[in-house]
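K.L.:
sequence unknown, structure follows:
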């Protein structure tokens, strides 16, 4: 089989390597019964699919179990689904009828169950597939209730799960006992169902959880092997120069050890080198040698001995065993990463870079002309001059083209020939960078003015953006790197530490989320979402003559009422306050939904165009949707009309004349808009 990887975007986002294996496929969820099953494998995601299932699948099929409509190939990205034919949980790919909400897993779609089966060991009459989904209690030994297409006996009025009546013939394909080289003391017996209570439910050789359909087990020795290791066992000895310089031998026993490649503990069947007292997990044998990770600007390479005492992993921020292997940066002394942390799917893109020339693109954003003048790559036609200490906040002409925020009192570069302006900080953003929320390098895009949604904070913007494929970040979120310093946590820097399924509550907005920046000190529970981490520290609003400051604690005096919407504020959430702390203002009331849009820019689509306008006139316009005065600093005006204004995304959604899907490049409905965040019940 060809050893080169293949791309199958209809199946998986990463490069898949050809692989001979015997395991449940993430395609159909079944364990195929061939001695060796051809398939494709993504190591970074531990994602495996059968070649039978995924080679040239049809996007649309007609299926005999559902002849009324055509079925479309989809991938499960939401709630759990179950095949309406066999009742099994759908692993990933499946065929779906949108009209009838009918689902068929990939295996049943490619290999539909027969209309009639004759299995004497299960029932003495022929069984017929009942092509109407119904709830029933299986009359086989399982006795469980099902809600799929059952096999029925019309004479006896019995119903059976498809799996319960087909399993006996499946069971016969394998011998009831086998003698295995890794367990010569006793023969292994064929088991089906759950592992015995006294067993840990894992394969002795590969450590993976035993498939409850078929496996082999020795009860006196409590020794279990899954079907893959029975039919295609790991080699007893191998010479793998990528993992170690000497020959390695498999030790097939329960044995506590520390892996020399990753520094983590194992409990069984390592490969060992007696000559070096070297031990390694089986799944560490193929660790890459040279990779990029999204936490660092340089490549990191794997070494057999880190040798950096008292070092900390730059991904999980936990201590690293310097006597074990890991990844380090040759350019940055002391930069080390655990092997397992460096190769997780949300840190590494799965690409081995050994032998691949390093990218040498120029990522510097500007050329220095003299001490105060630069030429920025986004504005090559003119030179930009540095202005220190910014300008007054109420100068409407001073808006940064990159982050689309007012200049306020910050230093900025202004064009010497036109009105092009960049914050000094924004002018320094590199042209390419890595980001903790994406494992491919991002490119700074400056030549687009269309609307996009930031993948980190969820805000909409039309300024500069960091982008790779369909993943886009505004420059404020895209420029966040570790360690991240925020005025609220100057003593403790913040880090992004991915923990699947863990939900944290943000100290800024009091909302829950999993993509957050957090303090790693044991006694500090400080957490920030990306939206709060990038809130402007100082803003200008017509409610006060002075700049408003972001407030992190209960400095506002008296009761907490927002002077803009005249509703109560929550002291647990951040708010804006004036110089004397006599007011408390909701952050959403001060900024609105369109604060990241460039004033005087145009959002256009086929039939409708909007101008982004500042709400700074003496008489505030009425919103065409909510019929109230627009209070937010930035609003939208429909071009071609004199009085069609919209103050929020919610109002834009509710207006029947506007094709929101076209304008915002959003899904057909704007159900993602939170009413709580966009309500403009004000005056």
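P.N.:
Received it, and whenever you're ready, just let me know what you need. Every value quoted in this text rests on a predicted model; they were computed, and no experiment measured them. Residues are numbered from 1 along each chain as shown.

K.L.:
what phi and what psi does the backbone show at residue 626?
P.N.:
Phi and psi for residue 626, reported as degrees, to the nearest 10, are phi -90, psi -10.

K.L.:
Model confidence at it, what's the number?
P.N.:
pLDDT for residue 626: 86.

K.L.:
Repeat that for residue 267.
P.N.:
On the pLDDT scale, residue 267 gets 91.

K.L.:
any idea how far it is from residue 258?
P.N.:
For residue 267, the distance to residue 258 equals 11 Å [Cβ to Cβ, to the nearest Å]. For the C-beta atoms, the positions are set from N, CA and C on the backbone; glycine is no exception.

K.L.:
where do the contact lists of the two overlap?
P.N.:
Contact criterion Cβ atoms under 8 Å, 6 or more residues apart in numbering; residues shared by residue 267 and residue 258: none found.

K.L.:
On the three-state scheme, the nearest residue to residue 95 once chain neighbours are set aside is what?
P.N.:
Distance criterion Cβ to Cβ, 6 or more residues apart in numbering; nearest residue to residue 95, sequence neighbours excluded, is residue 71 at 3.8 Å. Secondary structure of residue 71, reduced to three states by DSSP: H, G, I helix; E, B strand; the rest coil: strand.

K.L.:
hang on, isn't residue 71 packed against residue 96?
P.N.:
Yes. Under the criterion of Cβ atoms under 8 Å, residue 71 makes contact with residue 96 at 6.2 Å.

K.L.:
any idea which element the spatially most central residue of the chain lies in?
P.N.:
The C-alpha lying nearest the average C-alpha coordinate of the chain belongs to residue 346 (Cα atoms, centre = their mean; 7.0 Å). Using DSSP states H and E, residue 346 sits within no helix or strand.

K.L.:
quick one: it and residue 494, what's the gap?
P.N.:
According to Cβ to Cβ, residue 346 and residue 494 sit 18 Å apart.

K.L.:
burial measure for the residue nearest to residue 95, as a count.
P.N.:
Residue 71 has 23 neighbours, counted by other Cβ atoms under 10 Å.

K.L.:
Next: residue 456.
P.N.:
Every residue meeting other Cβ under 10 Å relative to residue 456 is counted, giving 25.

K.L.:
OK, contacts around the residue in the chain sticking out farthest from the centre?
P.N.:
Going by Cα atoms, centre = their mean, the residue of the chain most distant from its centre is residue 155, 52.4 Å out. Neighbouring residues of residue 155 by Cβ under 8 Å, 6+ apart: residue 125.

K.L.:
Local confidence estimate at it?
P.N.:
pLDDT recorded at residue 155 is 81.

K.L.:
Can you verify residue 597 is assigned to a helix?
P.N.:
No. Counting by three-state DSSP, residue 597 is not found in a helix; it is coil.

K.L.:
for the residue nearest to it when sequence neighbours are not counted, which residues make a bridge with it?
P.N.:
For residue 597, ignoring the flanking residues on the chain, the nearest one in space by Cβ to Cβ, 6+ apart is residue 612 at 4.4 Å. Applying DSSP bridges to residue 612 yields these beta-bridge partners: residue 636.

K.L.:
now residue 612: how far from residue 477?
P.N.:
20 Å.

K.L.:
Show me which of these two is the more surrounded one.
P.N.:
Neighbour totals were compared for residue 612 and residue 477, and residue 477 leads with 23 against 19 (other Cβ under 10 Å).

K.L.:
Helix, strand, or coil at that one?
P.N.:
Here residue 477 is helix, with the state taken from three-state DSSP.

K.L.:
List the contacts of it.
P.N.:
454, 455, 456, 457, 530, 533, 534.

K.L.:
For those residues, work out which two are farthest apart.
P.N.:
Pairwise distances across these (Cβ to Cβ) peak at 14.3 Å, for the pair 455 and 533.

K.L.:
wait, isn't residue 218 in contact with residue 189?
P.N.:
Yes. Residue 218 is within contact range of residue 189, at 7.2 Å (criterion: Cβ under 8 Å).

K.L.:
Between those two, point out the one with more neighbours.
P.N.:
Using other Cβ under 10 Å, the more surrounded residue of residue 218 and residue 189 is residue 218, with 17 against 14.

K.L.:
Could you check the pLDDT of the more buried one?
P.N.:
We have a pLDDT of 93 for residue 218.

K.L.:
Now for the residue nearest to it when sequence neighbours are not counted, how many residues are close by?
P.N.:
Closest residue in space to residue 218, ignoring its immediate chain neighbours: residue 186 at 4.9 Å, by Cβ to Cβ, 6+ apart. When neighbours are defined as other Cβ under 10 Å, residue 186 has 14 of them.

K.L.:
mind checking how far residue 186 is from residue 222?
P.N.:
Distance of residue 186 to residue 222, computed by Cβ to Cβ: 11 Å.

K.L.:
What of residue 464?
P.N.:
Residue 464 is 61 Å from residue 222, where distance means Cβ to Cβ.

K.L.:
Mind checking which of the two has more residues around it?
P.N.:
Taking neighbours as other Cβ under 10 Å, residue 464 and residue 222 compare with residue 464 leading, 24 against 14.

K.L.:
In three-state terms, label the nearest residue to that one once chain neighbours are set aside for me.
P.N.:
The shortest distance from residue 464 to any non-neighbouring residue, by Cβ to Cβ, 6+ apart, is to residue 402 (4.2 Å). Judged by three-state DSSP, the three-state class of residue 402 is coil.

K.L.:
Repeat that for residue 155.
P.N.:
Following three-state DSSP, we place residue 155 in the coil state.

K.L.:
Which parts of the stretch 251-400 of the chain are strands?
P.N.:
With strands called from DSSP state E, counting those that start in this stretch, the stretch 251-400 of the chain shows them at 254-258, 265-268, 271-273, 278-280, 290-291, 300-303, 326-328, 336-337, 366-370, 373-376, 384-387.

K.L.:
Just put those strands in CSV and tack on distance to residue 470.
P.N.:
Converted to CSV, the strands of the stretch 251-400 of the chain look like this (distance: least, Cβ to Cβ, whole Å):
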stretch, distance to residue 470
strand 254-258, 41
strand 265-268, 39
strand 271-273, 40
strand 278-280, 38
strand 290-291, 23
strand 300-303, 26
strand 326-328, 28
strand 336-337, 27
strand 366-370, 28
strand 373-376, 27
strand 384-387, 32
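
K.L.:
Quick one: closest of those to residue 448.
P.N.:
The nearest among the strands of the stretch 251-400 of the chain, by Cβ to Cβ, is strand 373-376 at 16.2 Å.

K.L.:
mean confidence for the closest one?
P.N.:
95.

K.L.:
Buried ones in that strand, by neighbour count?
P.N.:
By neighbour count with 16 or more other Cβ atoms under 10 Å, strand 373-376 contains the buried residues 374, 376.

K.L.:
What strands line up against that strand, and which way round?
P.N.:
Short version: by DSSP bridges, strand 373-376 pairs with strand 366-370 (antiparallel), strand 384-387 (antiparallel).

K.L.:
Pick the most buried one from the ones you listed.
P.N.:
Mean neighbours per residue, mean count of other Cβ atoms under 10 Å, is largest over these for strand 384-387, with a mean of 18.

K.L.:
right, and the helix or strand after that strand?
P.N.:
strand 412-415.

K.L.:
Show me what that next one is packed up against.
P.N.:
strand 384-387, strand 421-423, helix 424-427 (3 or more Cβ pairs under 8 Å, 6 or more residues apart in numbering; DSSP states H and E).

K.L.:
export these to a markdown table and tack on mean pLDDT and distance to residue 199?
P.N.:
Shown next, in a markdown table, are those (pLDDT from 0 to 100; distance: least, Cβ to Cβ, whole Å):
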| stretch | mean pLDDT | distance to residue 199 |
| --- | --- | --- |
| strand 384-387 | 93 | 69 |
| strand 421-423 | 93 | 62 |
| helix 424-427 | 94 | 59 |
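
K.L.:
Brilliant, that's me finished.
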